[in-house]
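Visitor: Coordinates only, no sequence provided:
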């Protein structure tokens, strides 16, 4: 049951990629709203072995 659920979830996520066509850059009007966001995210495991 878990394999079937994982397969269906993976298929749904893959099907949602690019569902509305290729990406397009934002218009000038959308860039003028005064809200800016930036950041960085990292995922992983770090081992410090001394």
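Guide: Noted; the coordinates are in hand. These numbers come from a predicted model, not from an experiment.

Visitor: And the average pLDDT for the longest helix seen in the chain is what?
Guide: With secondary structure taken from DSSP state H, the chain has its longest helix at helix 2-16. Helix 2-16 shows a mean pLDDT of 84.

Visitor: Buried residues, it. List them.
Guide: By 16 or more other C-beta atoms under 10 Å, helix 2-16 has no buried positions at all. (Each C-beta comes from the backbone N, C-alpha and C, glycine too.)

Visitor: Now find how far off-centre that helix is within its chain.
Guide: In terms of C-alpha atoms, centre = their mean, to the nearest Å, the centre of helix 2-16 is found 16 Å from the chain centre.

Visitor: Could you shift the numbering so residue one becomes 23, and keep it that way?
Guide: Fine by me, first position is 23 from now on; the one you just mentioned is helix 24-38.

Visitor: Mind giving me the packing neighbours of it?
Guide: Helices and strands touching helix 24-38, as assessed by 3 or more C-beta pairs under 8 Å, 6 or more residues apart in numbering; DSSP states H and E, are absent.

Visitor: Counting neighbours, what do you get for residue 44?
Guide: Residue 44: 5 surrounding residues under other C-beta atoms under 10 Å.

Visitor: pLDDT at it, what is it?
Guide: Residue 44 is assigned 75 on the pLDDT scale.

Visitor: And what about it, helix, strand or coil?
Guide: Classification of residue 44 by DSSP: H, G, I helix; E, B strand; the rest coil places it in coil.
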